[in-house]
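Novice: sequence and predicted structure below; questions after.
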Protein chains: 2
Amino acid sequence: MSDIHQILKSYHLRCTASRSDILELFAQKDMALSEPEIEEEMYGRCDRVTIYRTLATFLDKGILHKVLDDAGAAKYALCADNCQQSTYHSHNHVHFKCYRCEKTTCIEEVSIPAINLPQGYLLEEMNMLLQGVCGACNLPRKR
Amino acid sequence: MSDIHQILKSYHLRCTASRSDILELFAQKDMALSEPEIEEEMYGRCDRVTIYRTLATFLDKGILHKVLDDAGAAKYALCADNCQQSTYHSHNHVHFKCYRCEKTTCIEEVSIPAINLPQGYLLEEMNMLLQGVCGACNLPRKR
DNA sequence: CTGTGTGCAAACACTTTGCAGGTGT
DNA sequence: ACACCTGCAAAGTGTTTGCACACAG
């Protein structure tokens, strides 16, 4: 069977058309996606509600993680393989949102630096969103 | 006149009841607030739409800044005096959201560490959200 | 066959827009 | 007096829930 099928199986999820389509979309696009964006890409192949429920399922299983965004809709991205490695599921990489191409991507190479919180604080999750112009959009123009 | 009045005047804004109420609320609460939260605190003293428009105005003038959040509604917080100091308006402090008291606060003492992005990236804005248990909620219980 | 996933309808929550009337300066 | 602010109504978007049917295992 396909990779996708295997992945779903490994998370003890039934392999349905919607689930493989959505998972494949994330793998292809390699960027953070919101439900409306997914819906557009699916072009009626599955219902909006199914997308929301699938996102919730994937989030729950640790296939996806939420990505912070300052716009209207919640975004999600594939977890890297090493997400599960530490004691608890963590995503200490940085997300970058480009003002030009509008894409939000995970910068796996950059990890979030350590932070010294004031005494008494208990840190459980860290998220960092950088915004600006990405490498691809910032290329010098040829003449 | 009151402080609030002075502040509004300094931003070239008319001093209206809604504006001073909302600005005062932010000053009192000293935490990030969403429109629904503000609406509740205002208890009918002004319309929901006015709150949204006031938030937009304050954001535009640099009185408030957006605070990232993984929940439903957008949150806003007062800009510190030093926001305006650098060449362009920046908020390189960390935000902390407590799982217990649900408050999101600005940790002014901690600034976001420098990040080395891959070549070609142009950084314009940085946001960092930490989540866990805040100092106040994490106090050891007395017996 | 059975439990889980899906689609549809509807409700809910957050946010924006248009317009008429009110208010700060 | 005039520009700007506010309230109301309505519509636009994002998200959740209930229920009947469909389908994977």
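Specialist: Thanks, I have it.
Novice: which helix or strand in chain A has the lowest average pLDDT?
Specialist: When each helix and strand of chain A is scored by mean pLDDT, DSSP states H and E, strand A:104-111 comes last, with a mean of 88.
Novice: what comes up buried for that one?
Specialist: A:104-107, A:110 (16 or more other C-beta atoms under 10 Å in any protein chain shown). For glycine as for every other residue, the C-beta is placed from the backbone atoms N, C-alpha and C.
Novice: and those residues, which is closest to DNA strand D?
Specialist: Checking these against DNA strand D by C-beta to the nearest atom of the strand gives residue A:104 as the nearest, at 14.0 Å.
Novice: hang on, residue A:95 in a strand?
Specialist: Yes: judged by DSSP: H, G, I helix; E, B strand; the rest coil, residue A:95 forms part of a strand.
Novice: turn the buried residues of strand A:104-111 into JSON lines, including distance to residue A:37.
Specialist: Output for these, formatted as JSON lines (distance: C-beta to C-beta, whole Å):
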{"residue": "A:104", "distance to residue A:37": "10"}
{"residue": "A:105", "distance to residue A:37": "14"}
{"residue": "A:106", "distance to residue A:37": "16"}
{"residue": "A:107", "distance to residue A:37": "20"}
{"residue": "A:110", "distance to residue A:37": "24"}
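Novice: widest-spaced pair of those residues?
Specialist: Spanning the widest gap among those are A:104 and A:110, at 14.4 Å by C-beta to C-beta.
Novice: quick one, what contacts residue A:128?
Specialist: A:94-95, A:112, B:112, B:115, B:126-129 (C-beta atoms under 8 Å, 6 or more residues apart in numbering or on different chains).
Novice: ok, the residue nearest to residue A:14 when sequence neighbours are not counted - how many residues close by?
Specialist: Leaving out its chain neighbours, the residue that sits closest to residue A:14 by C-beta to C-beta, 6 or more residues apart in numbering or on different chains is residue A:8, at 7.3 Å. Residues lying near residue A:8 (other C-beta atoms under 10 Å in any protein chain shown) number 21.
Novice: the least confident helix or strand of chain A near DNA strand D anywhere?
Specialist: No: between strand A:104-111 and DNA strand D, judged by C-beta under 7 Å from any atom of the strand, nothing touches; the nearest distance is 14.0 Å.
Novice: what lines up beside that strand in the sheet?
Specialist: Applying DSSP bridges, strand A:104-111 is found paired with strand A:93-98 (antiparallel).
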